[in-house]
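Asker: Sequence first, predicted model second:
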Amino acid sequence: MKNWKNLIVSVLLCELVGILGTPFTLSAIPTWYATLNKPFFAPPNRIFGPAWTLLYFLMGVSFYLIWKQGWRKKKIKTAGIFFLVQLVLNFLWSPIFFGLRAPLLGLITIVAMWIMIVITMKEFYPLSKLAFYLLVPYLVWVSFATVLNAAIVILN
């Protein structure tokens, strides 16, 4: 496979975002998060780690499919920037929601992230249909997480 190193970097970059947010999450789950009122549809905590690991992997492959087309093209660079912006927002959510214990600010962050994911997907679609489709599970999960975050804001 051509550029396999870039594939590994893309996947590791996305997985690193999850790893860097983990300390904020793990320290708050048994303490603060456990005390929150959560909606009936809140999944068990053990679901989140495996789900995010898979989603970060899919995101990394998706980003690679765009990156391998070359940064010199304006459309590729624009799509890549949108991807990186949503990735930064993805990282920021854990320190905000769990670290600062700020569900409302977390909701604002995740809504911004959702918007950036949609824009990223719109930018990816003409460049690589597969890159677009690899982000669909991510958008679905973040949509669910947004509803869950909103419910926590309302219930608390």
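Answerer: Nice, thanks for sending it over. Residues are numbered from 1 along each chain as shown.
Asker: so what's Lys2 scoring on pLDDT?
Answerer: Lys2 is assigned a pLDDT of 66 by the prediction.
Asker: tell me which residues of the helix or strand encompassing Ile76 are tucked away?
Answerer: Using DSSP states H and E, Ile76 falls within helix 74-94. For helix 74-94, the neighbour count (16 or more other CB atoms under 10 Å) marks 76, 79-80, 82-83, 85-87, 89-94 as buried. Every residue, glycine included, has its C-beta placed from N, CA and C.
Asker: got a list of what the one residue sitting closest to the centre of the chain touches?
Answerer: Geometric centre of the chain, nearest residue: Asn90, 4.4 Å, by CA atoms, centre = their mean. By CB atoms under 8 Å, 6 or more residues apart in numbering, the contact list for Asn90 reads 17, 113.
Asker: could the buried residues of helix 74-94 be laid out in TSV, adding distance to Ala131 and pLDDT?
Answerer: Below are the buried residues of helix 74-94 laid out as TSV (distance: CB to CB, whole Å; pLDDT from 0 to 100):
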residue	distance to Ala131	pLDDT
Ile76	11	96
Ala79	8	97
Gly80	11	96
Phe82	12	98
Phe83	9	98
Val85	16	98
Gln86	13	98
Leu87	14	98
Leu89	19	98
Asn90	17	98
Phe91	20	97
Leu92	23	98
Trp93	23	98
Ser94	25	97
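Asker: And the residues you listed, which is closest to Gly49?
Answerer: Ser94 (12.3 Å; CB to CB).
Asker: Looking at the buried residues of helix 74-94, spot the one nearest Thr146.
Answerer: Trp93 (10.2 Å).
Asker: If we ignore the residues flanking it in sequence, what's nearest that closest one?
Answerer: Thr109 (5.0 Å; CB to CB, 6 or more residues apart in numbering).
Asker: Which strand or helix spans that neighbour?
Answerer: Counting by DSSP H and E, the element that carries Thr109 is helix 103-124.
Asker: Show me what the very next helix or strand once past that helix packs onto, helices and strands only.
Answerer: Moving toward the C-terminus from helix 103-124, the first helix or strand encountered (DSSP H and E) is helix 129-134. Contacts defined by 3 or more CB pairs under 8 Å, 6 or more residues apart in numbering; DSSP states H and E place helix 129-134 against helix 48-67, helix 103-124.
Asker: related to what we said a few turns ago, quick check, the residue nearest to Trp93 in contact with Ile96.
Answerer: Yes: taking contacts as CB atoms under 8 Å, Thr109 lies within contact range of Ile96: 5.3 Å.
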